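# My questions concern the predicted model and sequence given below.
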Amino acid sequence: MRGTQVFDNMSLTYILVSVLLFVLVVTSVLYLKKGDVQDVRKQIILEQQGFQPSELTVKKGSTVTFTTTAARQFWPASNLHPSHDIYPDFDAKRPLESDEVWSFTFNTAGDWPFHDHIRSYYVGVVHVIE
């Protein structure tokens, strides 16, 4: 009888460990899947070689901050250049100094290409998901 009780305790321990491992794996998979949406890094930096990252995926309602490491003005704005008509609100509306920061909250889902209005060859896209 005592041997059966040890087996039952070992079985219970095995089941509990298995359940905990399952929960850990499911949680990790969900976290990694969520990691595809870059909510942690909601910043786009205009560097000498262009926007970094040049593509960013965020959830609807996320605010993205635009900065530069270049020692010159920049002007983030939605495409098309020069009208900014694709997402007219997504436009700093003026040149920003190199030490200025501009933030925009994306309240509309979609793919929003953008550029530096001053140097329109610097381009990127923000993917906004529900």
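That came in fine, so what should we check first?

# how deep is Tyr121 tucked in, by neighbour count?
Neighbour count for Tyr121, taken as other C-beta atoms under 10 Å: 8. C-beta here means a position set from N, CA and C on the backbone, and glycine is covered the same way.

# That one and Gly50, how far apart?
To Gly50, Tyr121 is 8 Å away according to C-beta to C-beta, to the nearest Å.

# tell me the mean pLDDT over stretch 81-93?
For stretch 81-93, mean pLDDT is 95.

# Identify each buried residue in it, please.
81, 84, 87, 90-92 (16 or more other C-beta atoms under 10 Å).

# Reformat these as JSON lines; add secondary structure and distance to Asn107.
Shown next, in JSON lines, are these (DSSP: H, G, I helix; E, B strand; the rest coil; distance: C-beta to C-beta, whole Å):
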{"residue": "His81", "secondary structure": "coil", "distance to Asn107": "23"}
{"residue": "His84", "secondary structure": "coil", "distance to Asn107": "17"}
{"residue": "Tyr87", "secondary structure": "coil", "distance to Asn107": "10"}
{"residue": "Phe90", "secondary structure": "coil", "distance to Asn107": "10"}
{"residue": "Asp91", "secondary structure": "strand", "distance to Asn107": "15"}
{"residue": "Ala92", "secondary structure": "coil", "distance to Asn107": "17"}
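
# just the residues you listed now: which is nearest Trp102?
Closest to Trp102 out of the buried residues of stretch 81-93 is Ala92 (4.7 Å), distances taken as C-beta to C-beta.

# Domains in the protein, by residue range?
Domain ranges of the chain: 1-35, 43-129, per automatic domain parsing.

# Please identify the most buried of those.
domain 43-129 (a mean of 16; mean count of other C-beta atoms under 10 Å).

# List of residues touching stretch 50-66?
Identification of contacts with stretch 50-66 by C-beta atoms under 8 Å, 6 or more residues apart in numbering yields 36-39, 41-46, 74, 76, 92, 96, 101-109, 116, 122-130.
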